[in-house]
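# Pasted the sequence and its predicted model underneath.
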Amino acid sequence: MPQPAPADVDLLHRLVAIESRSGQEHDAVAELCREMTARGFAAAPDAAGSAVGVIGTGATKIVLLGHIDTVPGRIAVRIEDGVLHGRGAVDAKGPLCAFVCAAQAAIAAGANATITVVGAAGEEAIGSVGANAVAAWPAPDLCIIGEPSGWDALCLGYRGTLSLFYRLRRPARHSAGPGESVAEEAIAFWNALRAELDVRNQGAAGSFQRIGHALRAFNTGGDGLHDHATLSIGLRLPPGLDVEAVLIRLHDLAGDATITVDGCQEGYRSAKQSPLVPPFLRAIRAAGGAPRFTLKLGTSDMTVVGPVWRCPIVAYGPGDAALDHTPDERIVLADYARAIRVLTDVLVAS
């Protein structure tokens, strides 16, 4: 079973050990910049608070876009039986550290490329501030997004996201009086929204093409004069969806309640004919794997830079995405080693 170099394990262990919730990435960014500088990168934080390192001067411009922030929740950082446990080990410091290690190895092996590694800030927060700053750069020749696809899998697409609030305000009423409470009216809206999505999802070719929905929070209250209800809602958007038409329909269903959009990012999907696909397939097979393709039901920074750059783009990285955001987040170090090898081969071949 392959094992990563001690220095590569140490990098991952140190970075996972530094808490870096969205908006609190500074210490982790500083550490990653120090590490990249020590490995021969020109590295510094950018204006958005992301870590950016450049190595090589070759003709092919490649951006390896990972993210350094994590969701909340501290997990004791430790290595047991070849497995590193800790918040961010999978999502997505494992893929990010694999980017750094592979970029250094590829340039040392003679890759004719200029490779930029980004540890973006704010990917887990609405607005993805780091990736939106990067999207303003000139388009590279190739881009790989650092997310846990599994070392032997290549992710070709992600659904987008629509985050919104439903707010209803009514004159205060006695609970024994006639009519519906604001809570009941809000529930009726939620049920109508779900029924609308069921209609729109009819005939969808699999879960990736369906509009997903989640009721994130439901709050009611009042001040004695008025009662209010607030729903926080998240929708997952398949590529190609007419988002404006969906929003118009949501406003219709809401009646005199207000709908406020908190963030919107449309879905994005690459084709299997992408020039990045063949080198990944060869590299995964060379490392002993049987390559496979995935489409993710969540979202990532692919949906931010993909529509802007329109360059060949895929997502790749070690780790089991089912462990994202869970108390059991962990990464198998042998898979981390395999991913570094695969990425190195891809970068040399590109």
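Cool, got the structure. Numbers count the residues shown, from 1 in each chain.

# Residue ranges in the chain under the pLDDT threshold?
Along the chain, segments meeting pLDDT under 70 span 175-177.

# quick one, domains of it?
6-158+267-349, 160-265 (automatic domain parsing).

# most neighbours per residue, which of those domains?
domain 6-158+267-349 (a mean of 21; mean count of other Cβ atoms under 10 Å). Any C-beta I mention is one placed from the backbone N, CA and C, and that applies to glycine too.

# For it, measure first residue to last.
26 Å (Cα to Cα, to the nearest Å).

# next one: stretch 284-304
27 Å.

# in what helix or strand does Ala106 lie?
Ala106 belongs to helix 94-108 when assigned by DSSP states H and E.

# and the residue nearest to Tyr316 when sequence neighbours are not counted, what is it in contact with?
Nearest residue to Tyr316, sequence neighbours excluded (Cβ to Cβ, 6 or more residues apart in numbering): Ser149, at 5.2 Å. The neighbours of Ser149, taking Cβ atoms under 8 Å, 6 or more residues apart in numbering as the test, are Cys155, Thr294, Ala315, Tyr316, Gly317, Ala321.

# Excluding chain neighbours, what is closest to the fifth one?
So the one you mean is Gly317. In space, Gly317 is closest to Pro95, 2.6 Å off (Cβ to Cβ, 6+ apart).

# now do the last one
The shortest distance from Ala321 to any non-neighbouring residue, by Cβ to Cβ, 6+ apart, is to Pro148 (4.6 Å).

# ok, now which ones touch the one you found?
Neighbouring residues of Pro148 by Cβ under 8 Å, 6+ apart: Val90, Asp91, Ala92, Gly94, Pro95, Gly317, Pro318, Gly319, Asp320, Ala321, Leu323, Asp324.

# And the longest helix seen in the chain, what does it pack against?
Across the chain, the longest stretch assigned as helix under DSSP state H is helix 182-200. The contact analysis (3 or more Cβ pairs under 8 Å, 6 or more residues apart in numbering; DSSP states H and E) places helix 182-200 against strand 160-171, strand 212-222, strand 226-237, helix 243-254.

# now what about the second one, what contacts it?
Spelled out, it's strand 212-222. By Cβ under 8 Å, 6+ apart, strand 212-222 touches 159, 172, 181-183, 186, 190, 193-194, 197, 227-236, 297.

# re earlier: nearest to Pro72 among the contacts of Ser149?
Ala321 (18.5 Å; Cβ to Cβ).

# Got the phi and psi for the closest one?
With angles defined as degrees, to the nearest 10, Ala321 sits at phi -60, psi -20.

# now Arg21
Per degrees, to the nearest 10, the backbone of Arg21 is at phi -60, psi 160.

# still on that earlier bit, helices and strands around the helix holding Ala106, which ones?
Using 3+ Cβ pairs under 8 Å, 6+ apart, helix 94-108 sits against helix 6-17, helix 26-38, strand 51-55, strand 60-67, strand 113-120, strand 142-146, helix 333-349.

# contact partners of the helix or strand harbouring Arg282?
With secondary structure defined by DSSP H and E, Arg282 is part of helix 277-286. Contacts with helix 277-286, where a contact means Cβ under 8 Å, 6+ apart, come from 151-152, 154, 290-291, 314, 316, 341-343, 345-346, 349-350.

# tilt between that helix and helix 333-349?
140 degrees (axes from the mean of the first three to the mean of the last three Cα atoms, to 10 degrees).

# Can you name the next helix or strand after helix 277-286?
Next along from helix 277-286, by DSSP H and E: strand 292-296.

# Kindly format the C-alpha coordinates of stretch 50-68 as CSV.
The C-alpha coordinates for stretch 50-68 follow below in CSV (Å, rounded to 0.1, in the frame of the first residue of the first chain):
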residue,chain,number,x,y,z
SER,A,50,-6.8,33.2,0.0
ALA,A,51,-3.4,31.5,-0.2
VAL,A,52,-2.0,31.8,-3.7
GLY,A,53,1.3,30.1,-4.8
VAL,A,54,2.9,29.9,-8.2
ILE,A,55,5.5,27.4,-9.3
GLY,A,56,7.1,26.9,-12.7
THR,A,57,7.4,29.1,-15.8
GLY,A,58,6.2,26.8,-18.5
ALA,A,59,3.8,27.5,-21.4
THR,A,60,0.7,25.8,-20.1
LYS,A,61,-1.1,27.8,-17.5
ILE,A,62,-2.8,25.6,-14.9
VAL,A,63,-4.9,26.7,-11.9
LEU,A,64,-5.4,24.2,-9.1
LEU,A,65,-8.3,25.7,-7.1
GLY,A,66,-8.9,24.3,-3.7
HIS,A,67,-10.3,25.8,-0.6
ILE,A,68,-8.9,26.2,2.9
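
# before we move on, what SS does the spatially most central residue of the chain have?
The residue lying closest to the centre of the chain (Cα atoms, centre = their mean) is Ser300, at 2.9 Å. Secondary structure state of Ser300, per DSSP: H, G, I helix; E, B strand; the rest coil, is coil.

# Dump the contacts of Ser149 into CSV; add distance to Glu80 as well.
Putting the contacts of Ser149 into CSV (distance: Cβ to Cβ, whole Å) gives the following:
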residue, distance to Glu80
Cys155, 28
Thr294, 28
Ala315, 28
Tyr316, 26
Gly317, 22
Ala321, 21
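
# nearest to Cys264, of those residues?
Out of the contacts of Ser149, the member with the shortest distance to Cys264 (by Cβ to Cβ) is Ala315, at 20.4 Å.

# which SS class is the closest one?
Going by three-state DSSP: Ala315 is strand.
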